[in-house]
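1. After the sequence you'll find the predicted model.
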Amino acid sequence: MALQPSNLRDALGSIVDPDSGKDIVTAGMVKDIRCEGDDVSIELELSSADSPLKARFSEQIEQAIRAISNKCEELVGAIEVTFTADTRSANEQVRQDTNPLPNVKKIIAVGAGKGGVGKSTVATILAVGLAKQGFKVGLLDGDIYGPSMPTMLGLHREESLSEDGFLLPFTVHGIEAMSIGKLVEPDRALIWRGPRAHSAFNQLATQTKWGELDYLLVDLPPGTGDVPLSLAQLLPLTGAVIVCTPQVVAQDDARRAVRMFQQLGAPILGLVENMSYFVADDGKEYDIFGRGGGEQLAASMNLAFLGSIPIHPDMRIAADTGEPLKNWDINDTMSKAFDTVCTSLSTAADSSTPDRPTLTIH
Ligand code: ADP
């Protein structure tokens, strides 16, 4: 009888993992056993890439296999042991834990490399636009250092309510919304950093009684600070959208934001270029900041480009007066641009399948 993976598996069951106290088979560490001719190869998953146990496991595995081959009087040739490590990032781990927002199907972060590029404006357009397309949408203003949703959504007109210790989201413009700006004086939040910012964001995200939602969009503070990390450690993200402006000088900031989300383990669903071009009343389009920079950046980073949003004074007015739906009344070219970005996002979110990478180490 030649040695079979099942004999080998039994033999490996005699090796104990000192970290868990279980044998390596029961602990689920043996990922693969292969026999090719007389040669055997074993793949073992460790908890970290630089585990000091590699040499010890290699030796014990070799001894166990030689012992079973002697017992069965079967020749064994080369024995190769390879190691993999669970290298899941913050958000990859969260995606496999219990979801603190089970009512929400997809959670999407909206980020930007720097302030003033129109991140909150785009988050609002996406939220209201997806709701116009029939989705149930929530918008969480996680920009705790400069919350603009109270103004952009006209939340000052709404009364804050709570129920059973939970905040009730505001139902406005066809969406559910919550903002730190409705809970504290905006100036106070400006000085929050580290644990304070983390805890404020956590409370806002998990102590809001969201209804059943297809999408929860989270508007983050610009840059690469504490809040994106808190979000990635707290909520399972379908992915992130990065907002940028067309100028070449803005691209380094956007690139940094992309890298940050990738490091946190959030897939990048795509880039949106805001203030892309101006559409005059006669329908003529003018490239003010050099349209196309966002698309080039997306191509250079191998990311999806979700579309361009024009610049128009009426958008600023819709934001200042808290009437986001009025953006769709400006002109047809702009309404189409908004709808295209929303459709691209929902398509990207549908096809996003965050996987679980493992790293092979020798
Ligand atoms: P961020 O969230 O990136 O700091 P905001 O969304 O708050 O940026 O936008 C900054 C300012 O620019 C706001 O006054 C907003 O109304 C205006 N703005 C953003 N995008 C546009 C646009 N496409 N057209 C006109 N004004 C815009």
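-> Looks like it arrived, so ask away.
2. quick one: is stretch 332-343 near the ligand?
-> No - using CB under 6 Å from any ligand atom, stretch 332-343 stays clear of the ligand, coming no nearer than 8.9 Å. Quick note: C-beta positions are derived from backbone N, CA and C, even for glycine.
3. Enumerate the residues of the stretch 1-150 of the chain near the ligand.
-> Ala112, Gly115, Gly116, Val117, Gly118, Lys119, Ser120, Thr121, Ser148.
4. May I see those arranged in JSON lines, with secondary structure and neighbour count as well?
-> Conversion of those to JSON lines gives the following (DSSP: H, G, I helix; E, B strand; the rest coil; neighbours: other CB atoms under 10 Å):
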{"residue": "Ala112", "secondary structure": "strand", "neighbour count": "29"}
{"residue": "Gly115", "secondary structure": "coil", "neighbour count": "15"}
{"residue": "Gly116", "secondary structure": "coil", "neighbour count": "11"}
{"residue": "Val117", "secondary structure": "coil", "neighbour count": "25"}
{"residue": "Gly118", "secondary structure": "coil", "neighbour count": "23"}
{"residue": "Lys119", "secondary structure": "helix", "neighbour count": "27"}
{"residue": "Ser120", "secondary structure": "helix", "neighbour count": "27"}
{"residue": "Thr121", "secondary structure": "helix", "neighbour count": "22"}
{"residue": "Ser148", "secondary structure": "coil", "neighbour count": "19"}
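5. just those now: which is nearest Gly292?
-> Val117 (15.6 Å; CB to CB).
6. Report the contact partners of that closest one.
-> With contact set as CB atoms under 8 Å, 6 or more residues apart in numbering, Val117 has these partners: Pro222, Val243, Cys244, Thr245, Ala250, Asn274, Met275.
7. Report pLDDT for the last one.
-> The score at Met275 is 94. That number is its pLDDT.
8. Now do it against the ligand, distance only.
-> 5 Å (CB to the nearest ligand atom, to the nearest Å).
9. for the fourth one, same thing?
-> Separation of Thr245 from the ligand (CB to the nearest ligand atom): 9 Å.
10. How about the contacts made by that residue?
-> Applying CB under 8 Å, 6+ apart, the residues contacting Thr245 are Val117, Gly118, Glu273, Asn274, Met275, Phe289, Gly293, Gly294.
11. one more time with 6 Å
-> Val117, Asn274, Met275, Phe289 (CB atoms under 6 Å, 6 or more residues apart in numbering).
12. and if you look at the last one?
-> If a contact means CB under 6 Å, 6+ apart, then Met275 has Thr245, Ile311 as its contacts.
13. now it, what's its secondary structure?
-> Of the three states, Met275 takes strand according to DSSP: H, G, I helix; E, B strand; the rest coil.
14. Then the second one?
-> When the structure is reduced to helix, strand and coil (three-state DSSP), Val243 reads as strand.
15. Quick check: Ser41 vs the ligand, distance?
-> Applying CB to the nearest ligand atom to Ser41 and the ligand gives a distance of 52 Å.
16. again, but for Val40
-> Distance from Val40 to the ligand, by CB to the nearest ligand atom: 57 Å.
17. Same question for Gly28.
-> From Gly28 over to the ligand the distance is 45 Å, taken as CB to the nearest ligand atom.
18. Now name the helix or strand holding that residue.
-> Assigned by DSSP states H and E, Gly28 belongs to no helix or strand.
19. That one: neighbouring residues, count only.
-> 11 (other CB atoms under 10 Å).
20. Which residue, neighbours along the chain excluded, lies closest to Asn202?
-> Leaving aside its sequence neighbours, Asn202 sits nearest to Leu234 (CB to CB, 6 or more residues apart in numbering; 5.8 Å).
21. For that neighbour, give me the pLDDT.
-> pLDDT recorded at Leu234 is 87.
22. Quick check: it vs the ligand, distance?
-> If you measure Leu234 against the ligand using CB to the nearest ligand atom, the figure is 21 Å.
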